[in-house]
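Undergrad: Prediction below, plus the sequence it came from.
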Amino acid sequence: MAGKGNDGSEGLLLIKQSGGKTAVQDPKECSRDEAMFCTSEMPSNALIYASKHGQEHDLLSLLENSDNNTTRLVDWLSRL
């Protein structure tokens, strides 16, 4: 899924509507040079699409203090 269309956004919404937990990277991080595989369109589309359907995704910061990324992800996963 490239994130420029609705395929990823629709998939995340289906997971959320089925009772699953979803997370999206903070779109502000995706315009930074370190985020070479991410454009701000990808997470922004997912957040907007969910909002239009009365849903929300958790927002994860993955670039801030990158040494803590694993800890941050494990913490989020442990709350599932």
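TA: Okay, I see it. Numbers count the residues shown, from 1 in each chain.
Undergrad: ok, which stretches of this structure are helices?
TA: 7-17, 41-52, 69-78 (DSSP state H).
Undergrad: name the helices or strands packed onto the shortest one?
TA: Counting contacts by 3 or more CB pairs under 8 Å, 6 or more residues apart in numbering; DSSP states H and E, helix 69-78 is packed against strand 58-60. C-beta coordinates here come from the backbone N, C-alpha and C atoms, glycine included.
Undergrad: ok, back up a step: just give me the lowest mean pLDDT stretch among the helices of the chain.
TA: Note on the helices of the chain: helix 69-78 shows the lowest mean pLDDT, a mean of 72.
Undergrad: And that helix, how far out from the chain middle?
TA: 14 Å (CA atoms, centre = their mean, to the nearest Å).
Undergrad: residues in contact with that helix?
TA: With CB atoms under 8 Å, 6 or more residues apart in numbering as the contact definition, helix 69-78 has outside contacts at Ala23, Asp58, Leu60, Ser61, Leu62.
Undergrad: Same list (those) but as CSV, adding pLDDT.
TA: Shown next, in CSV, are these (pLDDT from 0 to 100):
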residue, pLDDT
Ala23, 84
Asp58, 81
Leu60, 73
Ser61, 72
Leu62, 68
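Undergrad: Pull the most distant pair out of those.
TA: Maximum pairwise distance among the contacts of helix 69-78 (CB to CB): 12.1 Å, between Asp58 and Leu62.
Undergrad: And stretch 48-58, what's buried?
TA: Tyr49, Ala50, His57 (16 or more other CB atoms under 10 Å).
Undergrad: do stretch 13-27 as well
TA: Leu13, Lys16, Thr22, Ala23, Val24, Gln25, Asp26, Pro27.
Undergrad: Span of that stretch from start to end?
TA: Separation of the first and last residues of stretch 13-27 by CA to CA, to the nearest Å is 17 Å.
Undergrad: quick one: contacts for the most centrally placed residue in the chain?
TA: The residue lying closest to the centre of the chain (CA atoms, centre = their mean) is Val24, at 0.9 Å. Going by CB under 8 Å, 6+ apart, Val24 touches Leu12, Pro43, Ala46, Leu47, His57, Asp58, Leu59, Leu60.
Undergrad: Thank you, goodbye.
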